[in-house]
Every structure is written in C-alpha cells, then in structure tokens.
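Student: Provided below for reference: sequence and predicted model.
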Amino acid sequence: MTLACANCQSPRLLSYMPYKYHGVEFFDLFPKLEILGCADCSLVQVDHTQLDAAKLQAFYENEYRRDDTPASAYAGQLKTERFEARAESLLQGALPLIGAKSVTTIFELGAGYGYNIRRFGQHFKNAVLYADDPDSNHNLFAEVKRAKLTGLKPDIVILSHVLEHVIMPRARISEIVSRLTPGGVIVVEVPNEKHALLAAKGSHQPHITFFTRETLRKVFENHANLSIDRVVSAGFLNSDNDKPYITTTIHVGGWKPVTVSVDRRTLDRAGFDFTNERDDEEGGWLRLYARKT
Ligand SMILES: [Zn+2]
C-alpha cells in the first residue's frame with residue numbers, strides 16, 4: 001500500500017522523531033517504525049500502511065498484558081483505584097451530553113478489564129453491556145458480554161486509551177458513528193502526546209498514532225452526523241516548574257529542531273486526579289465527547 005495519512009490520506013508524511021521500542025516482541029513484528037508528521041493535517045503517526053492487522057491482533061492477544069501480573073497487592077489496589085476513578089470521571093463527563101436519551105446498549109472497544117463500561121452500566125441499569133477486546137486471556141466483569149460492534153446499535157461507545165492503538169483511526173470512527181443510534185454519544189480518552197511529552201517518553205510502543213488536542217479533534221471532524229461537544233485535557237499536569245527537567249533536542253527532517261523540557265518528577269507523581277477536566281493541553285490525557293445528530 002502507498003503511504004497515506006491515517007486521518008486525511010495525504011501522502012505527505014515527514015520524518016518527525018525516531019520510534020523508541022522496549023522489549024523485543026513488538027520490535028520483532030514491526031522493526032522499522034518511524035514517527036512521522038502529516039504535512040497537511042499535522043497528525044503524528046507511524047506509517048499505518050506498513051502495519052499488519054493480524055499481527056497486531058496477535059500482539060494484543062498474547063503479549064500486551066503478559067507483564068501485567070498482580071506483582072503486589074499495592075500495585076493491584078493502585079490500579080483498581082485509578083481505573084475506577086477514570087470510569088467515574090468519564091461517566092460524569094458524558095452525562096450532560098446523554099441528557100434524557102434512553103440508553104439500552106453500551107459498547108466499549110478495547111475494554112481491558114471493563115472498569116469503564118461497568119461503571120456506565122451501574123448508572124444506566126437497563127442497558128446491556130458489550131465489549132470487544134483482542135485479549136481474550138483475561139476475564140471481563142460478569143455483567144459485560146463480549147461482542148463485536150458489527151450488528152450492535154449502541155447508544156454509548158467508549159474508547160478509552162484505544163484510538164492510539166487502532167490502524168486507520170478515522171475509518172474506525174466512521175464505522176462507529178454509522179452504528180450509533182441518533183443522539184448516541186462517543187466518549188474518548190487518549191494519552192496527550194503533544195511534542196514535549198512524546199519526546200520525553202522512554203518508549204513509544206505500541207502506540208501507532210500520537211494525538212494532540214488539535215489532532216484528536218481533527219480525526220472526529222467532518223464525519224456525517226457527528227457533532228463534537230468538547231475536547232479537553234485531564235490527569236497529571238506537565239506544566240509545573242519543579243526541577244529537575246529532562247531536556248532533549250529533537251532534530252527532524254523537514255521540521256525545525258526543537259528543545260523540550262519535561263519535569264520527570266511531575267510525571268512520576270502521576271495522575272490520581274482524573275476529574276480535573278481542563279480547557280488547555282496541560283493534562284496528561286485528552287478527552288473528547290461527541291454526539292450523533
Ligand atoms: Zn493528514
């Protein structure tokens with residue numbers, strides 16, 4: 001396939017920064033990834049046309065959570081608290097947009113263990129909960145059924161830390177919008193991967209698209225019958241002036257060299273506050289809420 005932007009299909013993808021791997025499994029599958037920026041819509045991405053959907057599916061099924069063992073009770077509890085806090089925050093963020101709409105079907109793509117959809121189901125008690133996750137080796141909560149989106153007509157679709165893993169995200173969003181009922185709502189959270197945060201990362205894998213607040217909005221714009229309510233940031237902050245900084249200079253073909261500074265201690269204090277929705281790009285996560293018209 002020819003090189004094409006995962007949002008606007010432009011072939012003008014320019015070198016942006018090297019792709020950092022950790023471990024061997026992902027590298028063995030896709031050893032030549034490079035981070036590119038679209039000269040037309042600015043979306044930062046790897047070359048999605050290089051990716052093999054079946055190989056990627058196998059990676060998520062067999063490798064992605066392999067090191068995710070309950071190493072200590074503390075780690076387990078910490079994780080649970082964070083997942084529950086995120087689920088509550090996404091629900092509260094979505095409720096004003098859902099309004100009085102009847103909700104009978106909720107779908108979550110890449111649901112992981114299912115904390116988000118379980119919380120939505122606790123609120124919408126008559127809704128049937130469906131989730132699709134490529135990793136079938138772990139158990140979802142009992143009230144969540146496994147299903148593909150095909151054939152469902154959901155009233156709410158949740159995409160929490162999924163879109164950055166999906167091949168050709170714009171096409172996937174169109175498919176989701178076509179399945180949603182009128183008045184149905186899409187709830188999205190992705191990592192904030194604006195330049196400074198992306199450059200400071202020790203590893204980029206297995207993300208294949210890297211969103212800023214601006215480009216997250218762009219992939220949801222100009223879909224038939226979809227209205228974006230808001231795009232915000234949330235979670236840990238990266239704008240504190242604490243020391244020490246990690247300072248790094250990025251040289252990229254076609255782009256100006258950029259020196260970036262990120263306070264690693266701020267990142268390490270990371271994110272128990274999932275409820276601090278912010279109208280800027282300082283939060284570690286980005287959230288988008290959209291409604292089918
Ligand atoms: Zn583009």
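Tutor: Nice, thanks for sending it over. Only a predicted model underlies this, so the values are computations on that prediction, with no experimental measurement involved.

Student: helix/strand/coil for the closest residue to Asn192 other than its chain neighbours?
Tutor: Using Cβ to Cβ, 6 or more residues apart in numbering and skipping the chain neighbours, the partner closest in space to Asn192 is Leu286 (4.9 Å). Every C-beta, even on glycine, is put in place using the N, C-alpha and C of the backbone. Classification of Leu286 using DSSP: H, G, I helix; E, B strand; the rest coil returns strand.

Student: Just the pLDDT for Leu286.
Tutor: Listed pLDDT for Leu286 reads 95.

Student: now it, which residues is it bridged with?
Tutor: With DSSP bridges applied, Leu286 shows beta-bridge pairing to Val190, Ser233.

Student: residue contacts, it?
Tutor: Counting by Cβ atoms under 8 Å, 6 or more residues apart in numbering, Leu286 makes contact with 188-192, 211-213, 216, 231-234.

Student: Output those in JSON lines, with pLDDT, distance to the ion and neighbour count appended to each entry.
Tutor: Below are the contacts of Leu286 laid out as JSON lines (pLDDT from 0 to 100; distance: Cβ to the ion, whole Å; neighbours: other Cβ atoms under 10 Å):
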{"residue": "Val188", "pLDDT": "98", "distance to the ion": "19", "neighbour count": "23"}
{"residue": "Glu189", "pLDDT": "96", "distance to the ion": "22", "neighbour count": "24"}
{"residue": "Val190", "pLDDT": "96", "distance to the ion": "17", "neighbour count": "24"}
{"residue": "Pro191", "pLDDT": "92", "distance to the ion": "19", "neighbour count": "18"}
{"residue": "Asn192", "pLDDT": "92", "distance to the ion": "19", "neighbour count": "25"}
{"residue": "Phe211", "pLDDT": "98", "distance to the ion": "13", "neighbour count": "27"}
{"residue": "Thr212", "pLDDT": "97", "distance to the ion": "13", "neighbour count": "22"}
{"residue": "Arg213", "pLDDT": "96", "distance to the ion": "16", "neighbour count": "18"}
{"residue": "Leu216", "pLDDT": "98", "distance to the ion": "13", "neighbour count": "26"}
{"residue": "Val231", "pLDDT": "97", "distance to the ion": "17", "neighbour count": "21"}
{"residue": "Val232", "pLDDT": "95", "distance to the ion": "23", "neighbour count": "19"}
{"residue": "Ser233", "pLDDT": "91", "distance to the ion": "22", "neighbour count": "23"}
{"residue": "Ala234", "pLDDT": "87", "distance to the ion": "26", "neighbour count": "24"}
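
Student: Closest one of the residues you listed to Ala142?
Tutor: The shortest approach to Ala142 among the contacts of Leu286 belongs to Glu189, at 24.3 Å (Cβ to Cβ).

Student: wait, what's in contact with the closest one?
Tutor: Arg86, Leu90, Leu159, Ser160, His161, Ala234, Trp285, Leu286, Arg287.

Student: Of the residues you listed, which pair is most distant in space?
Tutor: The most distant members of the contacts of Glu189, if one measures by Cβ to Cβ, are Leu159 and Ala234, lying 15.0 Å apart.

Student: Surely Glu281 forms part of a strand?
Tutor: No - assessed by three-state DSSP, Glu281 does not belong to a strand; its assignment is coil.

Student: That one is in contact with Asn192, isn't it?
Tutor: Yes - the pair Glu281 / Asn192 is scored as a contact, 6.5 Å apart, by Cβ atoms under 8 Å.

Student: any shared contact partners between those two?
Tutor: Between them, Glu281 and Asn192 share the contacting residues Thr212, Arg213, Ser233, judged by Cβ under 8 Å, 6+ apart.

Student: got JSON lines for these, with distance to Thr2 too?
Tutor: Formatted as JSON lines, the entries for the shared contacts of Glu281 and Asn192 read as follows, by distance: Cβ to Cβ, whole Å:
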{"residue": "Thr212", "distance to Thr2": "25"}
{"residue": "Arg213", "distance to Thr2": "29"}
{"residue": "Ser233", "distance to Thr2": "34"}
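
Student: Just give me the closest of those to Ile98.
Tutor: Ser233 (21.7 Å).
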